[in-house]
Every structure is written in structure tokens, then in C-alpha cells.
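*Asks:* Here is a sequence with its predicted model. Questions after.
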Amino acid sequence: AKKRTTGTHKPDQVIGLPPEKLHDHPGNPESTEADIIEMMSWLQENGQDEPLDVRPLPEPIGHYQVLSGKRRMAAATRLGWEFIKVIIRRDLEDDIDAAAFAARRNVERRTEGDLRKAHWLRYQVNELGMTVANAASYNGMAQSTASNLMAIADMCDKFPYWRDLVIAGEMSAAHLRPLK
């Protein structure tokens, strides 16, 4: 049985929240059905080893915005979990800070593919007003890497067949780089 955690807690303490109190961040990229099914399988086999990063929403009280962990949240919800492990990030009240944190956390994940990384980089540049150099530095990569990823994402937007190959892992950013 999953325990419900209520009351006060330390800033980095992991607690359990019901899925209906968790809401997606608008900058999070869409997950495919295959992504969610794969995550459901992983959670059933391994459990939730990493909590979601969330921040309090101003309304409704007691609800939270998911900054990282959208696929884990969707998978756990579909599995019917009563509670999902989270860390409440009260230090991210500012929307720009929260979006930059979400982008960095999602880009740094080893499981993120080139297109998801590019999505977050474009979000930082187009929505948060960061320069490509600042977004690259913030995410611990060279400016040329960030520029290449964003250019490749633009190409994949124009040529869906290439996007499908990249998502399937049959083509990488390195394959597309000479074509841009």
C-alpha cells in the first residue's frame, strides 16, 4: 500500500501526491503513446526510482506543476497509482526560472533523444528569450551543439520521415548534420 504524506516537509524531501493534483508544464514536449507504454512497463518492473520535480501552483491551492517527469506521471496515472513521488521545488516561483529548470532537467537526462533536447533548447530560446549561447551554456553543451540540435529539429519538422527515423533511433543528429 502506498503511503500518503501530508503536512510540512523539508525542501528536498520526497513525498507522495495524488495524480489529480499534478499538472503538466506547458513547455514539456508531447510524449508518444509508445513512450508512455514503455515507461509503464519500466515502472511496473522497477517502481519509481526518481521523483518528479514539481512546483506549487498559485491556483488551485494544493496543486502542483510538473517540471520534470511528465512521462513518469502519465505512466503512473495510467497504472492507477494513488500517489506519485515528488520533490516540491518552492525555490522556482518565477515562471522563467521554473521553465529554465525544467528545460535543463529534461535536457540533462541521459534517456532524452536529440529531438527532445532540441525541443527544450527551442523553448528556452523562443519562449524564455535566452540566446542560443546562453541556453547551450545553461544546459552544459557547446553553442555549436545547441545550434546543430535546433537546426536538426527544424529539418525534422520539414521532413517527418526523418523525424520518425530519429525517434526510432535509426538516425541520429550526427547523420543529419551534413544535410543541414
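*Replies:* Perfect, I can see it now. Numbers count the residues shown, from 1 in each chain.

*Asks:* buried stuff in the helix of greatest length in the chain?
*Replies:* Longest helix in the chain, counting residues (DSSP state H): helix 143-158. Judged by neighbour count using 16 or more other Cβ atoms under 10 Å, the buried positions of helix 143-158 are 146, 147, 148, 149, 150, 151, 152, 153, 155, 156. To be clear about C-beta, it is placed using only N, CA and C from the backbone, and glycine gets the same treatment.

*Asks:* and the angle from the helix or strand following it to helix 143-158?
*Replies:* Next along the chain after helix 143-158, taking DSSP states H and E as the criterion, comes helix 160-167. Interaxial angle, helix 160-167 versus helix 143-158 (axes from the mean of the first three to the mean of the last three Cα atoms, to 10 degrees): 130 degrees.

*Asks:* For the longest helix of the chain, name the packing helices and strands.
*Replies:* Using 3 or more Cβ pairs under 8 Å, 6 or more residues apart in numbering; DSSP states H and E, the elements in contact with helix 143-158 are helix 114-126, helix 132-138, helix 160-167, helix 173-176.

*Asks:* same question for the shortest one, mean pLDDT?
*Replies:* Rounded to a whole number, the mean pLDDT of helix 173-176 is 67.

*Asks:* go on, the longest one?
*Replies:* For helix 114-126, the per-residue pLDDT values average out at 81.

*Asks:* For it, buried residues please.
*Replies:* 114, 115, 116, 117, 118, 119, 120, 121, 122, 123, 124, 125.

*Asks:* Touching, the first one and residue 149? I think so.
*Replies:* It refers to residue 114. Yes. In this structure, residue 114 is within contact of residue 149 by Cβ atoms under 8 Å, at 5.8 Å.
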